[in-house]
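Trainee: the sequence and its predicted three-dimensional model are supplied below.
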Amino acid sequence: MRRIKSLPKEKIDEIADLIGESFWDYPYEEGEGGLKPFFPSKQAMSDYMRTFVVAGIESGTFYSTDGGEGYILITDTEGNHPGFFSIVKMARGMKKAMGGWKKLFAFLKTANGGEETLEQRLKKQKKKYVKVEMLIVTKEHQGQGYMRKLLTFAFGMAEKKNCPCILDTDAQGKCDRYIHLGMKLGQIRQAAGVKVYDLIYEK
């Protein structure tokens, strides 16, 4: 595994397209749907995801497998997360992807509403944690064990910090996959009118 300090624009666009496509084309069950309803097109979703990739690179929280087969964005409560200027840049990119500030604010209000998240609960309890913000295995390398490798890396970071590793996902199928790879389902909640699955790994 290696920390990504820089990538050419073409590679960043490629990764963002893969992430956007994985959300857009995923066969969601009834009552699921994730982010898709908030975006006018697959490209808009990819543009939104691109802001995370760039922020992860700038903040030193974006990693890849040695051969670039998969990528993961990992933050924690010890200062390893995008800084102020990266967040400002993210907001501008999100605004452009969603078609204006009004639509972005409406999306954020809806997405952050609903039941308390596992992350919010840990913050209230003043507990530290590691969070997987984004995880992608490139199409040609899916089903070859790279997702396990990426998650194992995140779990190892959490173990070193003596804290849990958390992530949330928007589909039962994805949830089942993460459970198979060692996580436990913390809760199922409603956000933006769809189900969200909060998962946790603890040694």
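Mentor: Yes, it's here.

Trainee: and the next helix or strand past the helix or strand of the chain with the lowest mean pLDDT?
Mentor: Taking mean pLDDT, DSSP states H and E as the measure, the helices and strands of the chain show their lowest mean at helix 101-111, namely a mean of 72. Next along the chain after helix 101-111, taking DSSP states H and E as the criterion, comes helix 118-124.

Trainee: same for that following helix, what does it pack against?
Mentor: Using 3 or more C-beta pairs under 8 Å, 6 or more residues apart in numbering; DSSP states H and E as the contact criterion, the secondary-structure elements in contact with helix 118-124 are strand 165-169, strand 194-201. All C-beta spots, glycine's among them, are computed from the backbone N, C-alpha and C.

Trainee: list of residues touching that helix?
Mentor: Surrounding helix 118-124, the residues in contact under the criterion C-beta atoms under 8 Å, 6 or more residues apart in numbering are 77, 128-129, 131, 164, 166, 168, 186-187, 198, 200.

Trainee: and of these, the nearest to residue 20?
Mentor: Nearest to residue 20 out of these is residue 168 (C-beta to C-beta; 17.9 Å).

Trainee: how close does that closest one get to residue 138?
Mentor: 22 Å (C-beta to C-beta, to the nearest Å).

Trainee: more neighbours: the two, which one.
Mentor: Here residue 168 and residue 138 are set side by side on neighbour count (other C-beta atoms under 10 Å), and the busier one is residue 168, at 22 against 17.
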